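Enquirer: With the sequence up front, the predicted model follows.
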Amino acid sequence: MAEPTARPVLVTGMDVVTGSGRGTTALAEAVFTGTAAFVPVDRFDTGARRAKLGAQLADVSDLLTELTGVVDGACTAAGLTAADRAATPLLFAGSSDRAAARPDGRDRAELAAGAIGARLAAATGLRQALRSYTTACVAASTAAADAAAMIAAGRADRVVVAAGYLLEADRFALFDSARALASDGRMRPFGAGRKGMLLGDAVAAVVLESEASAAGRSAVPLARLTGWGRAGDAHHVSQPHPQGTGLARAIGLALRRAGLAPGEVDYVNAHGTGTPASDLAESAALHRALGPDAARVPLSSSKSVHGHTLEAAGLVELAVSVLTLTEGRLPVNAGRPEPDPACPVALVTEPRTAATRHVLSLNSAFGGANTALLVSA
Amino acid sequence: MKTVNSKLRTLSSAQWTAGSTPPAPVPGFIISSFSALAADVADRCLAERYGTAPAPAERGERTAVLLVSPGGDRGTAQAVAELVDNGGRLSPLLFFQSVPNSIAGRITAHWGLTGPVVCTSPAGDPFEDAAELAELLVADGDADEVLVLVVEQTPAGESERATAVLLGAV
C-alpha cells in the first residue's frame, strides 16, 4: 500500500507557456484575476465546427521548440548546470505529432510521442527521456507522480517532467464532433447549464528533486510534492464513474502519502472540464474522499482561464498549484458560473488572498484514469 | 517472440501476431484494429489467470493496467487525419476511441480492475520500459499486480502485434 513518503520531493524550478502568455508570471496574473484567455481560433479553419474559441497564444512556434524553451526555463530557474542536466532524466507527456497520421509522415518514427520525448531530452542536454506518457488528460500528472515515486524511492535524485499540447485541427474536430466543446463559448466548470470545455495551448516543465540534490546547489524549493495517487474507475470507455470512485481513491492515496487529513487541504485545483458528467463525478469524488470538508475547501478549475490543455493539463495545473502556495492567492473559477446544486463545492468565483499550506490538484481521463497530487508549502 | 522480462513474477500471458485469427471487434470501436488487439490479448491473459470476468475483488482493486505502444492507435489517427483534411464528417465514436486509455476503460470495466491506468509511448524498447514502469508502480504501492499490454501497429498495418503479461509482486 501507499505509505507516507520518507524522502521528500521538492519542486525547484518550473516554466510554462499557455494561452495566458509566456512564463509563470503571466499564468499567475490570469488565474488569480480570473482573466480567461479564450479567443477565436485562427490557427486552422474552424468554419465547420460548432465551437470557435480556444486559449490560443499568438506567435507560438512548433511544439518541440516551445518545449525546449520551457525545459530550459525550468532548469535555469532551478539553477541546474550543464553537468546537472546531463545527469537528469526526462519524463515527457504528450501525443504523437499529427503529421505522423498523414501519408508522408507515417514512416517517420521521430514523430511518435516517445521519440518526441527523446528529441526534447537531446535538445535540452538532459540525460535521456525514459518514456512519454500518453494517458490523455492524466498524462502529465501521471508523469509527475511517477517522477515523485522515483525520487521518493531513491531511484532518481532529480527528474525533469515536461508536457505539451498546442491547439491543432484534429483534436479540435474530434472534441467538437462529440459536442465536448462549449459551443456557447463559455467555459464554466461546476456551473449550472455548463456546456463543456474549451481547449488551450500549453507547454510546461518542472524540476523535481530530493532534498539532498537541491541542498547540493543551495537551491531554494518553490514547494514540495508531498502526495500522489493514481487509481481507475473500472466503469466505462469514456464516462467517469458517477460516484467518482476512482478519483476518490486517488485522493485517498495522495493524502496517505502526504500524511494529511482531509481537513488539512486548503485549496483544490479541480480537473473541472465543464462537461456535465465529469464535474458531477468530480464533486461526488471530493465528497467521498474528503467528507464534510468537501463543501468547505475552496475549489476552482483553472481550466476556465487557460483552457483544457489535454496531455499538458496536469503539469500546467501543478504549476498553478505551486503559484497558489507561493503567491498566497486563489485561482478564480472564471466563466461567471451560476451555482449547480448537484455540485456542492465551494467555488472561488472572485479574486481573493489566502495563506495555503496544502493544495490538492486533480485530473481524470477517458478509460476511468484518475490522479491526485498534493503540493505543500 | 519478445516479451516482458521483469523482476516481477509473470502470472499469465497472451500474444497476438500478424497472421493469427483476427481479433474480435470491440463494440463501439470502429475502423482501427488497435483496441481489438489490446482487448484480445488482455482478455486471454486474464482468462488464463481468473477464468471468467470479473477478477476477484481483492485482486482487481490492486491491479493496474499499463498500455505501452510506440506509435499509439495509428489506425484511428489516420482515419481522423483523412476526414479532417478532406472536410469529412467525424463520427463521435472516433472521439471516444481517440486516446489509448479508452480501450483500457473497456478492459478494466469488464474485469473489475481499479488500479492505476497508464499509457505510454516508450523512448526505447517497449518491453524493457514496460517492465521498468510496472516495477515502479508496484514498488510505489498503488498496485500489487500490473496487466502490461504492448500493442504495436505498423504504418500500413502489415505486421501488427500485441502482447499481454500479468505481472505480480514476487
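Expert: Thanks, I have it. Numbering: from 1, shown residues only, chains lettered A, B, ... in the order given.
Enquirer: Skip the chain neighbours and tell me the closest residue to the most far-flung residue of chain B relative to its centre.
Expert: Note on chain B: the largest C-alpha distance from the chain mean falls to B:G87, namely 31.1 Å (C-alpha atoms, centre = their mean). Spatially, and ignoring its direct neighbours in sequence, B:G87 is nearest to A:A48 (6.8 Å; C-beta to C-beta, 6 or more residues apart in numbering or on different chains). Glycine gets a C-beta too; all of them are placed from N, C-alpha and C.
Enquirer: For that neighbour, give its distance to A:G263.
Expert: Plainly put, A:A48 is 50 Å away from A:G263 if you go by C-beta to C-beta, to the nearest Å.
Enquirer: tell me the contacts of the residue in the stretch 251-377 of chain A positioned nearest to chain B?
Expert: Going by C-beta to the nearest C-beta, chain B is nearest to A:G367 of the stretch 251-377 of chain A, at 3.3 Å. Neighbouring residues of A:G367 by C-beta atoms under 8 Å, 6 or more residues apart in numbering or on different chains: A:135-136, A:232, A:237-238, B:99, B:101-106, B:108, B:117.
Enquirer: and what of A:A82?
Expert: A:G125 are the contacts of A:A82 under C-beta under 8 Å, 6+ apart.
Enquirer: Phi, psi for the residue farthest from the centre of chain B please.
Expert: Taking degrees, to the nearest 10, you get phi 70, psi 20 for the backbone angles of B:G87.
Enquirer: and the gap between it and A:D59?
Expert: With distances taken as C-beta to C-beta, B:G87 is found 28 Å from A:D59.
Enquirer: And A:A261, by the same measure?
Expert: For A:A261 relative to A:D59 (C-beta to C-beta), the value is 46 Å.
Enquirer: and residue 39, how many neighbours?
Expert: No chain was given, so I picked chain A. Counted with other C-beta atoms under 10 Å in any protein chain shown, the neighbours of A:V39 add up to 14.
Enquirer: look at chain B instead
Expert: The number of residues near B:A39, taken as other C-beta under 10 Å, comes to 23.
Enquirer: Please apply the same query to the one 3 residues further on.
Expert: Other residues near B:A42 come to 28 when the count uses other C-beta under 10 Å.
Enquirer: what are the ranges of the helices in chain A?
Expert: A:24-33, A:63-77, A:82-86, A:113-124, A:139-152, A:169-177, A:211-215, A:245-258, A:276-290, A:303-306, A:313-327 (DSSP state H).
Enquirer: Which among those is found nearest to B:A123?
Expert: Closest approach to B:A123 among the helices of chain A (C-beta to C-beta): helix A:113-124, 4.4 Å.
Enquirer: Contacts only, for A:R171.
Expert: With contact taken as C-beta under 8 Å, 6+ apart, A:R171 is in contact with A:199, A:310, B:98.
Enquirer: Give me the subset of those lying in strands.
Expert: If you go by DSSP state E, the contacts of A:R171 have nothing in strands.
Enquirer: Top of the residues you listed by number of neighbours, please.
Expert: Within the contacts of A:R171, most neighbours by other C-beta under 10 Å means A:L199, with 29 neighbours.
Enquirer: hmm, back to that, put together CSV for the contacts of A:R171, with distance to A:R155 and pLDDT on each row.
Expert: Output for these, formatted as CSV (distance: C-beta to C-beta, whole Å; pLDDT from 0 to 100):
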residue, distance to A:R155, pLDDT
A:L199, 35, 98
A:L310, 28, 98
B:S98, 33, 94
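Enquirer: Listing request: residues of the chain with sub-threshold pLDDT.
Expert: Picking chain A for this. Counting by pLDDT under 70, chain A shows low-confidence ranges at A:1.
Enquirer: My question was about chain B, not that one.
Expert: Applying pLDDT under 70 to chain B picks out residues B:1, B:156-157.
Enquirer: Pull out the C-alpha coordinates of stretch A:179-198 and format them as CSV.
Expert: This file holds the C-alpha atoms of stretch A:179-198, laid out as CSV (Å, rounded to 0.1, in the frame of the first residue of the first chain):
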residue,chain,number,x,y,z
ARG,A,179,-20.1,18.1,-28.5
ALA,A,180,-17.5,18.2,-25.8
LEU,A,181,-16.6,21.8,-26.5
ALA,A,182,-18.7,24.7,-25.2
SER,A,183,-20.4,25.9,-28.3
ASP,A,184,-21.6,29.0,-26.4
GLY,A,185,-18.0,30.0,-25.8
ARG,A,186,-18.4,30.0,-22.0
MET,A,187,-16.3,27.5,-20.1
ARG,A,188,-17.9,27.5,-16.6
PRO,A,189,-16.8,24.4,-14.6
PHE,A,190,-19.2,23.3,-11.9
GLY,A,191,-21.7,25.9,-13.0
ALA,A,192,-25.4,25.3,-13.8
GLY,A,193,-26.0,24.9,-17.5
ARG,A,194,-22.4,24.3,-18.4
LYS,A,195,-21.9,23.2,-22.0
GLY,A,196,-18.4,21.7,-22.0
MET,A,197,-14.8,22.7,-22.2
LEU,A,198,-12.6,24.9,-24.4
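Enquirer: anything in it near chain B?
Expert: Yes - using C-beta under 8 Å from any C-beta of the partner chain, stretch A:179-198 reaches chain B at A:179-180.
Enquirer: mind listing what's buried in that stretch?
Expert: In terms of neighbour count (16 or more other C-beta atoms under 10 Å in any protein chain shown), stretch A:179-198 has its buried residues at A:180-182, A:186-191, A:194-198.
Enquirer: Give me the distance from that stretch to the chain's centre.
Expert: 19 Å (C-alpha atoms, centre = their mean, to the nearest Å).
Enquirer: What of stretch A:88-103?
Expert: 17 Å.
Enquirer: Equivalent analysis for stretch A:284-301, please.
Expert: Stretch A:284-301 has its C-alpha centroid displaced from the chain centroid by 19 Å (C-alpha atoms, centre = their mean).
Enquirer: circling back to that earlier point, right, and the pair among the buried residues of stretch A:179-198 with maximum separation?
Expert: A:L181 and A:F190 (17.4 Å).
Enquirer: mind checking how far the most centrally placed residue in chain A is from B:A77?
Expert: Centroid-nearest residue in chain A, with C-alpha atoms, centre = their mean: A:G314, separated by 1.7 Å. As defined by C-beta to C-beta, A:G314 lies at a distance of 22 Å from B:A77.
Enquirer: Which positions in the stretch 1-150 of chain A make contact with chain B?
Expert: So the stretch 1-150 of chain A meets chain B at A:1-3, A:48, A:95-96, A:98, A:100-102, A:106-107, A:109, A:112-115, A:117-118, A:121, A:128-136, A:138-139, A:142, A:146, A:149-150 (C-beta under 8 Å from any C-beta).
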